[in-house]
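# sharing a model prediction with you, sequence too.
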Amino acid sequence: MSRTQLTQCPGRAPVAPRVPRFTAWLLLTAMATSLSYAQDQPTITPNYKDADLSQIVEAVSEITKKNFIVDPRVRAQVTMVSNSPMSADAFYEAFLAILQVHGFVAVPAGNVIKIIPDANARQVPANDLPDRISSSSDEIVTQVIAVKNVSANEPYFQGHFPVKPIMPGVLIIEAMAQAAALLGCVSTAEVDRNGHLYYLVGVDQVRFKRPVEPGDQLVIIVEFEKVRQNLWKFHARATVADDFVAAAELLTTTVPEEGS
């Protein structure tokens, strides 16, 4: 490290060495908002007129401290004006409403929020995920939901059982299998849907916890897991009022219908 010395000129005071001066340029991005703090709570007064949606996303991220991933297809010119300050929560709710108006949706995915076209929201699982999948997972679950309103007039209640009517467990499994066949039928383009039949060829890991009685609404959720050599594997579970009823692993296969 070199040592700098003062230069002494005759008849003059010591002169300090010339120090390079660096000019820092601050790039100011024009924001159509005004941020302030009231009682340690941030507020914002939006004043967007025909602004790009990405500008609002940046402002929402700044005030809410949320992280966003924006689908490249999410584009819009937005007008959002308020004559009074808005809290972070109120601003976020208004932001969600704007997304809905323009056909987009915000989908939580772990520590980030994805902004995608609303048509894709149907592919995002909600609160009916199987236990094996985390709510923050990006895995796409293909499922079908079947609903059976169990009436007291069901013929099997006459003998099962006369004193205590209970829906037979084999019929719950049969209902799962029919829902699985429907899911398999609509999930593939490789099989001629009109010329094939779905056969139930295997049932595994069956368990029951709660009986199904007259007046119950039985909800069956079936997820597709994999297909190999024309064997389709599904996971099915049944609930009544969100209470677990039964679960099973199902195997089905397709066979050509006679005459097709």
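That came in fine, so what should we check first?
# tell me, how many residues neighbour Gly103?
Applying other Cβ atoms under 10 Å, we find 12 residues neighbouring Gly103. All C-beta spots, glycine's among them, are computed from the backbone N, C-alpha and C.
# just to check, it is in contact with Pro117?
Yes - under the criterion of Cβ atoms under 8 Å, Gly103 makes contact with Pro117 at 6.3 Å.
# other residues contacting the helix ranked longest in the chain?
Longest helix in the chain by number of residues (criterion: DSSP state H): helix 169-187. Taking contacts as Cβ atoms under 8 Å, 6 or more residues apart in numbering, the residues outside helix 169-187 that touch it are 142-144, 146, 148, 156, 191, 193, 198, 200, 203, 206, 208, 212, 218, 220, 222, 224, 232, 234, 236, 238, 245-246, 248, 250, 252, 254.
# from the chain's centroid, how far away is it?
Using Cα atoms, centre = their mean, to the nearest Å, the mean C-alpha position of helix 169-187 is found 25 Å from that of the whole chain.
# and it, which residues are buried?
Buried positions in helix 169-187, judged by neighbour count with 16 or more other Cβ atoms under 10 Å: Gly169, Leu171, Ile172, Ile173, Ala175, Met176, Ala177, Ala179, Ala180, Ala181, Leu183, Gly184.
# likewise stretch 49-65?
Under 16+ other Cβ under 10 Å, the buried positions of stretch 49-65 are Ala51, Leu53, Gln55, Ile56, Val57, Ala59, Val60, Ile63, Thr64.
# out of those residues, the closest to Arg75 would be?
Each of the buried residues of stretch 49-65 was checked against Arg75 using Cβ to Cβ; the closest is Leu53, at 6.6 Å.
# show me the contacts for the closest one.
Counting by Cβ under 8 Å, 6+ apart, the residues that Leu53 touches are Val74, Arg75, Ala76, Gln77, Val78, Ile98, His102.
# repeat that for 10 Å
When contacts are counted by Cβ atoms under 10 Å, 6 or more residues apart in numbering, Leu53 touches 70, 74-78, 80, 95, 98-99, 102, 104, 115.
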